[in-house]
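Novice: I'd like to go over a predicted model; first the sequence, then the structure.
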Amino acid sequence: MDQVKSSSTVTHINDQGSRHLSQEAIEKLIQQSQEAKQHAYCPYSKFRVGAALLTMDNTVFRGCNVENACYNLGVCAERNAISKAVSEGYRSFKAIAIASDLKDQFISPCGGCRQFIREFGLNCDVYLSKPDGSHRKMTVDELLPVSFGPEELDMKKVFSSP
């Protein structure tokens, strides 16, 4: 039987409250994503990913990838963190940091995760990181240009008559 280890998956980062994060807050968010990566369940790909999502009130939700023998049922770290936050009532986010074990390349979210992040707006900063803590800041719009979001569902449409 697996041992259950108690760990807090929700933390807070002290920051000024503005959309622009201090260097210290960015470093803490990246550290949280690296810690989340430690819990990844990836027996098939052996590719660990962690994510740390920062809400507007500076709450951090962590997530890791969780694979499944039926490959398409796996859940990415980014979607895991966002789903945790949404399940607790959050809908607006300042930033998300993503971590992996890639030494020479910044980890980037997959296409599905880019769309999942975009669902909650274009204003969330995305920090792609390496294990040494170095990072690259990108916007959702840079990661997913000419994107489709909830706003398009409210736009005027042309309907055909039967």
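Specialist: Cool, the structure landed. Residues are numbered from 1 along each chain as shown.
Novice: pLDDT wise, what is the most centrally placed residue in the chain at?
Specialist: In the chain, the centroid-proximal residue (CA atoms, centre = their mean) is residue 78; its distance is 3.2 Å. We have a pLDDT of 98 for residue 78.
Novice: that one sits in which helix or strand?
Specialist: helix 77-87 (DSSP states H and E).
Novice: so which bits of that helix are buried?
Specialist: Residues of helix 77-87 classed as buried by neighbour count (16 or more other CB atoms under 10 Å): 77-82, 84-85. C-beta here means a position set from N, CA and C on the backbone, and glycine is covered the same way.
Novice: and for stretch 53-70?
Specialist: Neighbour counts over stretch 53-70 (16+ other CB under 10 Å) mark 53-55, 58-67 as buried.
Novice: and that stretch, how far apart are its ends?
Specialist: Using CA to CA, to the nearest Å, the end-to-end distance of stretch 53-70 comes to 27 Å.
Novice: chain center to that stretch, what's the gap?
Specialist: 6 Å (CA atoms, centre = their mean, to the nearest Å).
Novice: what of stretch 146-156?
Specialist: Centroid separation for stretch 146-156 versus its chain: 22 Å, with CA atoms, centre = their mean.
Novice: cool, stretch 81-89 as well?
Specialist: Computed by CA atoms, centre = their mean, the chain-centroid distance of stretch 81-89 equals 11 Å.
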